[in-house]
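J.: no sequence on this one, just coordinates:
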């Protein structure tokens, strides 16, 4: 069967500032085969957009599949987790002044 070289490790990356995603890049793995070439397919591309992984959700699985002439397969799998590292922000309104109606107790 084919053999993958340089299969990426699992990745945890921060979301883009002010966004709920990140464009994640990696070096694509290569496959070799003792019977010649192997055809490699994958489910996503380096530089694709990945959303933040919320608590309890699974990270995104990246899969590369190499197949040789006799239809032997090898897989390279790794996980991408995009995390929110930005603290929340709060915008307050300007001071508000109200006039109380005369005769009302405060």
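T.: Yes, it's here. All of these numbers come straight from a predicted model, not from anything done at the bench.
J.: Distance check, residue 74 against residue 67.
T.: Residue 74 sits at a distance of 8 Å from residue 67 (criterion: Cβ to Cβ, to the nearest Å). (Each C-beta comes from the backbone N, C-alpha and C, glycine too.)
J.: out of those two, which sits in the busier spot?
T.: Using other Cβ atoms under 10 Å, the more surrounded residue of residue 74 and residue 67 is residue 74, with 20 against 17.
J.: Let me know the pLDDT of the more buried one.
T.: Reported pLDDT at residue 74 in the predicted model: 97.
J.: Can you tell me the SS state at it?
T.: strand (DSSP: H, G, I helix; E, B strand; the rest coil).
J.: tell me the contacts of it?
T.: 1-4, 31, 38, 65-66 (Cβ atoms under 8 Å, 6 or more residues apart in numbering).
J.: okay, among those residues, which ones form the most distant pair?
T.: Using Cβ to Cβ, the contacts of residue 74 reach their maximum pairwise distance at 3 and 65, which is 13.1 Å.
J.: Which of the two has more residues huddled nearby?
T.: A count of neighbours by other Cβ under 10 Å puts residue 65 above the other of residue 3 and residue 65, at 18 against 14.
J.: in which helix or strand would I find that one?
T.: For residue 65, the host element (DSSP states H and E) is strand 60-67.
J.: And residue 56, by the same measure?
T.: Using DSSP H and E, no helix or strand contains residue 56.
J.: Enumerate the positions of stretch 20-31 that are buried.
T.: Across stretch 20-31, burial judged by 16 or more other Cβ atoms under 10 Å covers 22, 24, 26, 29-31.
J.: residue ranges with poor pLDDT in this structure?
T.: In the predicted model of the chain, residues 100-106 satisfy pLDDT under 70.
J.: how about 90 then?
T.: 35-37, 55, 88-106 (pLDDT under 90).
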